[in-house]
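Trainee: Sequence below, structure please.
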Amino acid sequence: MQASATAKSVNENVILKNYEKKVKEEVRLINENLFEMLKLLKIDESSKGYDDLGLNKSSQAEIDSFEIEIRSSNLIKSTESLSKIVSDLKDLTILNDFKSINSQITNHCQFLRMNENEIDLQLRMAKDVLFKLLQDLQNEYYTSRYK
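Mentor: As a prediction, the model looks like this:
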């Protein structure tokens with residue numbers, strides 16, 4: 001039993017480490033793509049018609065536009081991956097949090113037992129009152145002249 005719990009704990013730790021690696025990689029990719037997009041969007045104030053590679057400004061603008069599209073799609077892919085990781089972690093937490101679920105069930109059972117005892121006590125008191133009233137009514141009936 002103990003070995004099973006230890007193996008499960010080790011397995012969960014491995015899964016969490018993998019998620020941590022994925023999150024770090026995705027955040028790194030988001031940071032890198034944003035940084036490169038900002039570099040491409042920087043306005044160059046030079047007035048010459050060609051850049052350092054000999055391309056005219058319109059050609060360079062098309063290349064930059066294409067690279068921004070690629071980087072923005074990479075950015076979206078990374079954020080979707082992060083959303084998936086968050087969803088997986090929520091599922092993992094919900095499905096494997098037996099201690100919390102057991103404690104909630106135990107607390108609810110204790111609450112219901114307390115209510116059961118209170119209701120039983122109230123029913124006994126009502127039974128005693130009704131029994132006393134019924135006895136009084138029977139005595140009244142049998143002692144009356146209308147029987």
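Trainee: And the helix or strand hosting Ser103, how far out from the chain middle?
Mentor: Using DSSP states H and E, Ser103 maps to helix 98-143. Centroid separation for helix 98-143 versus its chain: 40 Å, with CA atoms, centre = their mean, to the nearest Å.
Trainee: name the helices or strands packed onto that helix?
Mentor: For helix 98-143, there is no helix or strand it packs on, judged by 3 or more CB pairs under 8 Å, 6 or more residues apart in numbering; DSSP states H and E. Bear in mind the C-beta positions are built from the backbone N, C-alpha and C, glycine included.
Trainee: mind running it again at 10 Å?
Mentor: helix 57-96 (3 or more CB pairs under 10 Å, 6 or more residues apart in numbering; DSSP states H and E).
Trainee: Tell me what angle the helix holding Ser103 forms with helix 57-96.
Mentor: Inter-element angle recorded for helix 98-143 and helix 57-96: 50 degrees (by axes from the mean of the first three to the mean of the last three CA atoms, to 10 degrees).
Trainee: Pull the contacting residues for Asn11.
Mentor: If a contact means CB atoms under 10 Å, 6 or more residues apart in numbering, then Asn11 has Asn96 as its contacts.
Trainee: Any figure for the gap between Lys22 and Ala61?
Mentor: Remark: distance between Lys22 and Ala61 (CB to CB, to the nearest Å) = 35 Å.
Trainee: More neighbours: which of these two?
Mentor: Lys22 (15 against 11; other CB atoms under 10 Å).
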